[in-house]
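Trainee: need a 3D model of the following:
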Amino acid sequence: MLRMVLIVDNKRNSSIELLRIFAIFMIVISHLSLYGNWNVNNLSVIKKTELLMFEPLGSIGAAIFFIITGYFSYSNHQIISLKIQKSLQKVLTIWTEVIFYSLIICFIAIFLLQIKPNLLLIAKAIFPICLNEYWFVTAYVLLMILEPFIVETLITIDKRIFLYLIIILYLCLFLGLANNDMISRFSITIASFLIGAYIRKYSIKIDILKTKFLFLFVCVLYLFELLILYVMNYIGISFLNSLYFTNFVLPVFIASFIFILSIRQKEFNKASINSISKCVFAVYLITEHPMLRNILWNDVVNPRRFQNSLWFPIFSLIITISIFLVCCAIDMVRQSMFKLFKINKVREIIVARVLKLIFK
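Mentor: You can find the predicted model right below:
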């Protein structure tokens with residue numbers, strides 16, 4: 001008879017959790033560049049590049065998040081039933097959190113902010129994952145559903161085939177240059193996951209390079225991203241369309257090296273970092289909700305008002321940190337509510353029953 005085992009990780013490596021926080025922070029600050037509603041008339045090419053300087057960080061942050069997932073998902077010491085249990089727990093945890101924020105924000109938008117939504121927005125609020133309200137979340141949930149079977153396959157293949165698979169998926173990222181978002185987003189999700197699993201399986205740390213040189217290499221790659229933005233704006237590619245050239249290809253490279261830098265660091269455990277790490281997914285859910293996104297960036301933050309300031313990068317960082325902390329505080333309240341109403345217990349019961357049906 002299948003026995004339900006509650007999977008809890010009390011010994012988190014806070015250096016990785018810090019990287020997870022950093023990854024979501026990069027995604028949020030990239031949205032400041034993306035949704036800033038900038039006035040680009042008569043701006044120099046350098047100024048346009050400055051306004052978009054944080055946008056490439058979004059794809060880097062997403063890739064880091066999926067690399068972390070792949071790294072911790074890979075294990076050849078667990079039976080398939082235990083992997084499926086972990087996968088179901090993750091999916092239900094994400095689903096309940098997404099539904100909570102989607103419905104709450106929808107309610108606030110309609111009844112407090114007096115927004116008149118169309119039927120599609122309401123449907124997305126009720127079925128956020130199925131209707132792709134957040135591409136990042138939909139990709140993550142699909143990945144978690146497939147995770148046990150992907151990992152089982154990765155255990156059996158050799159290093160050469162594993163590397164070929166990563167290369168093929170990486171080459172698919174170039175389709176992003178043709179504005180093929182669906183394939184590129186799928187590729188960045190799976191490729192990043194496989195890179196994380198590959199690093200875990202073969203203990204890749206690039207020991208031939210010292211940490212300071214690896215850090216310098218990451219900085220050079222990011223500066224190259226900014227150079228691409230500059231060139232695209234210089235040759236006349238429209239302001240936002242220039243972003244397609246920095247969204248998919250280089251970010252996976254940069255994210256991989258940042259992750260390797262992180263796992264080189266000495267492991268430590270700090271409760272405050274781990275607590276914040278548990279909240280970061282909510283930061284994305286709140287700031288990227290389609291009913292709140294434009295209000296947040298255009299009305300509340302309105303970065304356009306300081307776009308010509310010499311302190312633009314500093315203001316952007318301060319604003320993003322403030323948003324980040326407020327959203328984390330909101331999610332701590334949500335976590336307390338879930339404990340009060342025993343949502344976690346309900347999830348455990350659902351997982352146990354699903355597993356019983358699968359393995360009866």
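Trainee: for the worst-scoring helix or strand of the chain on mean pLDDT, packing partners?
Mentor: When each helix and strand of the chain is scored by mean pLDDT, DSSP states H and E, helix 119-126 comes last, with a mean of 82. Contact analysis of helix 119-126 by 3 or more Cβ pairs under 8 Å, 6 or more residues apart in numbering; DSSP states H and E lists helix 80-107 as its packing neighbours. C-beta: built from backbone N, CA, C; applies to glycine.
Trainee: what residues sit buried inside the helix it packs on?
Mentor: Of the residues in helix 80-107, those buried under the neighbour-count criterion (16 or more other Cβ atoms under 10 Å) are 83-98, 100-102, 105-106.
Trainee: now swap in stretch 251-270 and tell me
Mentor: For stretch 251-270, using 16+ other Cβ under 10 Å, the buried residues are 251-263.
Trainee: ok, stretch 188-204 next?
Mentor: Neighbour-count burial for stretch 188-204 flags 188-201 (criterion: 16+ other Cβ under 10 Å).
Trainee: and stretch 226-236, by the same measure?
Mentor: When burial is assessed from 16+ other Cβ under 10 Å, stretch 226-236 yields the following buried residues: Leu226, Ile228, Leu229, Tyr230, Met232, Asn233.
Trainee: what of stretch 72-82?
Mentor: The neighbour-count criterion (16+ other Cβ under 10 Å) identifies Ser73, Tyr74, Gln78 as the buried residues of stretch 72-82.
Trainee: thinking again about what came up before, filter the buried residues of stretch 188-204 down to just the ones in helices.
Mentor: Counting by DSSP state H, these place 188-201 in helices.
Trainee: what's the lowest-pLDDT member of these?
Mentor: Note: of these, the lowest pLDDT belongs to Ile188, at 90.
Trainee: was I right to think that one contacts Phe66?
Mentor: Yes. Checked against Cβ atoms under 8 Å, the pair Ile188 and Phe66 is within contact range at 7.3 Å.
Trainee: residue nearest the centroid of the chain?
Mentor: Among the residues of the chain, the smallest C-alpha distance to the mean C-alpha position (Cα atoms, centre = their mean) belongs to Ala62, namely 3.6 Å.
Trainee: chain center to the helix or strand hosting that residue, what's the gap?
Mentor: Taking DSSP states H and E as the definition, one finds Ala62 inside helix 56-73. For helix 56-73, the distance between its averaged C-alpha position and the chain's averaged C-alpha position is 6 Å (Cα atoms, centre = their mean, to the nearest Å).
Trainee: can you pull the buried residues of that helix?
Mentor: Taking 16+ other Cβ under 10 Å as the neighbour-count basis, helix 56-73 is seen to contain the buried residues 56-71, 73.
Trainee: what's the next secondary structure element after the least confident helix or strand of the chain?
Mentor: Next helix or strand after helix 119-126 toward the C-terminus (DSSP H and E): helix 135-156.
Trainee: what is that next one packed up against?
Mentor: Helix 135-156 makes packing contacts with helix 56-73, helix 80-107, helix 181-202, helix 280-287 when contacts are defined by 3+ Cβ pairs under 8 Å, 6+ apart.
Trainee: Lys339: neighbour count?
Mentor: The number of residues packed near Lys339 is 11, by other Cβ atoms under 10 Å.
Trainee: can you dump the C-alpha atoms of stretch 93-101 in CSV for me?
Mentor: As requested, the backbone C-alpha atoms of stretch 93-101 are provided in CSV (Å, rounded to 0.1, in the frame of the first residue of the first chain):
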residue,chain,number,x,y,z
THR,A,93,1.2,24.7,-3.8
ILE,A,94,1.6,26.8,-6.9
TRP,A,95,-2.0,26.4,-8.0
THR,A,96,-3.5,27.5,-4.7
GLU,A,97,-1.2,30.5,-4.5
VAL,A,98,-1.9,31.6,-8.0
ILE,A,99,-5.7,31.2,-7.6
PHE,A,100,-5.6,33.1,-4.4
TYR,A,101,-3.8,36.2,-5.8
